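Enquirer: What follows is a predicted protein model with its sequence.
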Amino acid sequence: MLIVNIKNCEAKSVQTPGTANTSVKWLLSAEQGVPNFEMRCFEIEKGGRTRYGFHPYEHEVLVLEGEGILNGEDRKEKIKPYDAIYIAPDEPHQFVNDGDETLKIICVIPKGKEDHLK
């Protein structure tokens with residue numbers, strides 16, 4: 001069993017082109033020995049965003065704090081705390097903080113798929 005407190009995880013600025021005012025905390029990762037999935041917390045500051053893009057693996061997301069917009073290929077959805085979100089493989093998406101406080105989301109992905117953000 002492994003328990004990690006989000007407050008003890010290092011925040012790293014996300015430098016991916018198209019991303020602004022966003023950091024990531026790796027909560028559970030391959031480096032800790034998890035076998036299948038990795039869990040991160042993205043913190044998107046007011047006015048910030050993730051890049052608009054897609055990848056060949058799914059994401060499961062839970063909004064912890066703040067509000068924002070989830071941009072998709074042909075729609076935009078308002079998101080708020082406690083919304084659970086499934087993003088299918090190859091589905092275009094982007095998280096935008098249009099609220100007044102930091103947008104914090106938990107994102108689970110298959111192990112090893114975004115090592116470039118570590």
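Expert: That came through fine. Residues are numbered from 1 along each chain as shown.
Enquirer: show me the contacts for the nearest residue to residue 81 once chain neighbours are set aside.
Expert: Closest residue to residue 81 apart from its sequence neighbours, by Cβ to Cβ, 6 or more residues apart in numbering: residue 63 at 5.3 Å. The way it works is simple: take the backbone N, C-alpha and C, and place the C-beta from them, glycine included. Residues near residue 63 by Cβ atoms under 8 Å, 6 or more residues apart in numbering: 79-83, 85, 103-105.
Enquirer: Quick one: buried ones out of those residues?
Expert: Taking 16 or more other Cβ atoms under 10 Å as the criterion, what is buried in the contacts of residue 63 is 79, 83, 85, 103-105.
Enquirer: got the CA coordinates for the helix or strand containing residue 86 in CSV?
Expert: Assigned by DSSP states H and E, residue 86 falls within strand 84-87. Taking Å, rounded to 0.1, in the frame of the first residue of the first chain, the C-alpha atoms of strand 84-87 are listed here in CSV:
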residue,chain,number,x,y,z
ALA,A,84,-15.8,13.2,-13.1
ILE,A,85,-14.7,13.2,-16.8
TYR,A,86,-13.8,10.5,-19.2
ILE,A,87,-11.7,11.5,-22.2
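Enquirer: Tabulate the CA atom coordinates of stretch 4-15 in CSV.
Expert: Below are the C-alpha coordinates for stretch 4-15, written out as CSV (Å, rounded to 0.1, in the frame of the first residue of the first chain):
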residue,chain,number,x,y,z
VAL,A,4,0.9,10.1,-0.8
ASN,A,5,-0.3,13.5,0.4
ILE,A,6,-0.8,16.0,-2.4
LYS,A,7,0.6,18.8,-0.2
ASN,A,8,4.0,16.9,-0.1
CYS,A,9,4.4,16.6,-3.9
GLU,A,10,6.6,18.9,-5.9
ALA,A,11,4.8,21.1,-8.4
LYS,A,12,6.5,21.3,-11.8
SER,A,13,5.7,23.9,-14.4
VAL,A,14,4.3,22.4,-17.6
GLN,A,15,6.2,23.8,-20.5
